[in-house]
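Colleague: Sharing a sequence plus its predicted fold:
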Amino acid sequence: MNYPEGHYVTRDVFVGGRSKASLLAQLTAAGIELNEAARILFTSDQFTTSTIEQRLHTVELQVCHLNFPRGATTPEVHARAVTLGLSLAPLELGPCLRLQYLDQPEGHWGHPRTKHRTPPGAIAVASAPVSEDDTFPKGFYLRRIKGTLWLRGYWADAAHVLAPEDHLIFCQP
């Protein structure tokens, strides 16, 4: 692997084989909360799920460990990850990972609220945006807030700069 030693987390995540309605029902049954942007993504025809179940090998990295000590735009971060042999994840990785990653550490307590930044403790799924419209959510991120697990959607444009400490999940081929 070409990733900074000790500075990444790998996970195997099963995706596919479920409809959006089934995924949503499983999230609800597990007590996972969704924000407005996540609900918009779920109801959009642009968000699809695979009919075939498969196991994805994922890598979680911080932006700084992709050699961006001062942060970078999403396209820059995605391009760097591709040079390391990683690929963008399908959008459905977000809800599937949320259902499987139930022991995410708390990311809220002791941190001030953030606006126009990734919140502390959040892990964004590095996926291609399903729409170029900046008023449409771009993807999912996972969070635990005061003990509650969340699948949240987010809005951002291509000029948005990710902070060095932001965490993203990519796929390995």
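Modeller: Received, thanks.
Colleague: next one: stretch 20-34 to chain centre, how far?
Modeller: Centroid separation for stretch 20-34 versus its chain: 16 Å, with CA atoms, centre = their mean, to the nearest Å.
Colleague: remind me which residues of the chain are low pLDDT?
Modeller: 1-6, 108-118 (pLDDT under 70).
Colleague: one more time with 80, if that's ok
Modeller: 1-6, 107-120 (pLDDT under 80).
Colleague: where do the strands sit along it?
Modeller: 8-15, 33-34, 54-62, 72-73, 123-125, 139-145, 148-154, 161-162, 167-172 (DSSP state E).
Colleague: Can you add distance to Gln26 and give these back as JSON lines?
Modeller: All C-beta spots, glycine's among them, are computed from the backbone N, C-alpha and C. Shown next, in JSON lines, are these (distance: least, CB to CB, whole Å):
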{"stretch": "strand 8-15", "distance to Gln26": "12"}
{"stretch": "strand 33-34", "distance to Gln26": "12"}
{"stretch": "strand 54-62", "distance to Gln26": "17"}
{"stretch": "strand 72-73", "distance to Gln26": "33"}
{"stretch": "strand 123-125", "distance to Gln26": "17"}
{"stretch": "strand 139-145", "distance to Gln26": "15"}
{"stretch": "strand 148-154", "distance to Gln26": "11"}
{"stretch": "strand 161-162", "distance to Gln26": "29"}
{"stretch": "strand 167-172", "distance to Gln26": "19"}
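Colleague: looking at those, which is buried most?
Modeller: With neighbours defined as mean count of other CB atoms under 10 Å, the strands of the chain peak in mean count at strand 123-125, which reaches a mean of 25.
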